[in-house]
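Enquirer: When you get a sec, could you give me coordinates for this:
(chains A and B)
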There are 2 protein chains.
Amino acid sequence: MTDRPTPRPAPARITTPSDREIRIERVFEAPRERVWRAMTDPKLVAQWWGRGNKVVVERMELERGGHWRFVEHGPDGVHGFEGRYREVAPPERIVSTFEWDGMPGYVAVNTMTLEELGGGRTKLVSTSLFHTPEERDGMLQSGMEIGVNESYAALDRVLARLG
Amino acid sequence: MTDRPTPRPAPARITTPSDREIRIERVFEAPRERVWRAMTDPKLVAQWWGRGNKVVVERMELERGGHWRFVEHGPDGVHGFEGRYREVAPPERIVSTFEWDGMPGYVAVNTMTLEELGGGRTKLVSTSLFHTPEERDGMLQSGMEIGVNESYAALDRVLARLG
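Expert: As a prediction, this is how the structure comes out:
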């Protein structure tokens, strides 16, 4: 217990730049190299990606053409997610595809960038381009905003431990 | 040698219904069940998919959520292609994703239907929806029209042998 309040990051800012896109912006209280490490080391990814649920990183071949596959074990069952890396540019940019086993063949392209803000802070911008407006709307209506914020709160905790 | 000419099918009709789509229409001189078999039996697929080049069917899990991966060994090198089945409805419809290892993470969605025309003929319609107009244009400029017609000519030969 301490009188000093823990800095609490603002929630992710979620916008829709076009009818097939979702853009997420979030600031982390950690330097870019540390955020990159937490997002690319499979052992660390397993600690935040599932928002507290167990995550098995089955594949994470972090290079152009490599595949990834994460399996989340949650109270509502087991959910597999997978995709392929289109571009990996440490420590600032990853472009990859994303699909959920529950809707196989429905693929979004995620572009994630990390921008150094100075003062040990980093801005993440993640843009998802869906194949159709309907798929984008389905994602928006899936409760993703809560999930994204839970994941990033778990990532805050990983970053604090690494600090 | 015979005086009777072999029926020569008309070339594939390739159109662009929208700026992200390519539609292919082709009639085969075989009943639908036989065309379906040639398109779904891995041993038969290997005989026509590569237009005469050797094709190794590494994966072909023909069901919703299953993966496919074909590797073509041609004079210009080895090319891998892969994707996932979104929908499989024998003997008339397959929806699947398609990507080439040379452009990993650039995914098109292919919807293939077979329509019985009567008289032992079958019409194939294949529509590809690309993620962006640029990806669609890249495919159109890749020489795909020649490749498609060579594949379907090889498929004609497989169908004739099965008859």
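
Enquirer: Just give the number of residues close to residue A:136.
Expert: Residue A:136 has 20 neighbours, counted by other Cβ atoms under 10 Å in any protein chain shown. Backbone N, C-alpha and C define where each C-beta goes, glycine included.

Enquirer: List the buried residues of the host helix or strand of it.
Expert: Using DSSP states H and E, residue A:136 falls within helix A:133-140. Buried residues in helix A:133-140, counted by 16 or more other Cβ atoms under 10 Å in any protein chain shown: A:136, A:139.

Enquirer: Over to stretch A:33-44?
Expert: A:34, A:35, A:36, A:37, A:38, A:39, A:41, A:42, A:44.

Enquirer: Let me see the mean pLDDT of the biggest helix by length in chain A.
Expert: Of all segments of type helix in chain A, defined using DSSP state H, the longest is helix A:144-162. The average of the pLDDT scores along helix A:144-162 is 96.

Enquirer: Could you tell me how far it lies from the centre of the chain?
Expert: From the chain centre to the centre of helix A:144-162 is a distance of 9 Å (Cα atoms, centre = their mean, to the nearest Å).

Enquirer: residues making contact with that helix?
Expert: A:9, A:11-12, A:14, A:22, A:24, A:26, A:28-30, A:34-35, A:37-39, A:44, A:47-52 (Cβ atoms under 8 Å, 6 or more residues apart in numbering or on different chains).

Enquirer: now with 7 Å?
Expert: With contact meaning Cβ atoms under 7 Å, 6 or more residues apart in numbering or on different chains, helix A:144-162 is reached by A:9, A:11-12, A:14, A:24, A:26, A:28, A:30, A:34-35, A:38, A:44, A:47-49, A:51-52.

Enquirer: which bits of chain A sit near chain B?
Expert: A:64-65, A:84-86, A:95-97, A:101, A:104-105, A:107, A:109, A:129, A:131 (Cβ under 7 Å from any Cβ of the partner chain).

Enquirer: related to what we said a few turns ago, sort out which of the buried residues of stretch A:33-44 are in helices and list them.
Expert: Judged by DSSP H, helices contain the following of the buried residues of stretch A:33-44: A:34, A:35, A:36, A:37, A:38, A:39, A:42, A:44.

Enquirer: With residue A:85 as the reference, measure out to the fourth one.
Expert: Looking back up the chat, that one is residue A:37. Relative to residue A:85, residue A:37 is positioned 17 Å away (Cβ to Cβ, to the nearest Å).

Enquirer: go on, the third one?
Expert: Residue A:36 is 14 Å from residue A:85, where distance means Cβ to Cβ.

Enquirer: Going by residue numbers, what spans are helices in chain A?
Expert: For chain A, the helices defined by DSSP H cover A:32-40, A:42-48, A:133-140, A:144-162.

Enquirer: so which of the ones you listed comes closest to residue B:113?
Expert: helix A:133-140 (20.5 Å; Cβ to Cβ).

Enquirer: which other helices and strands contact the closest one?
Expert: strand A:21-28 (3 or more Cβ pairs under 7 Å, 6 or more residues apart in numbering or on different chains; DSSP states H and E).
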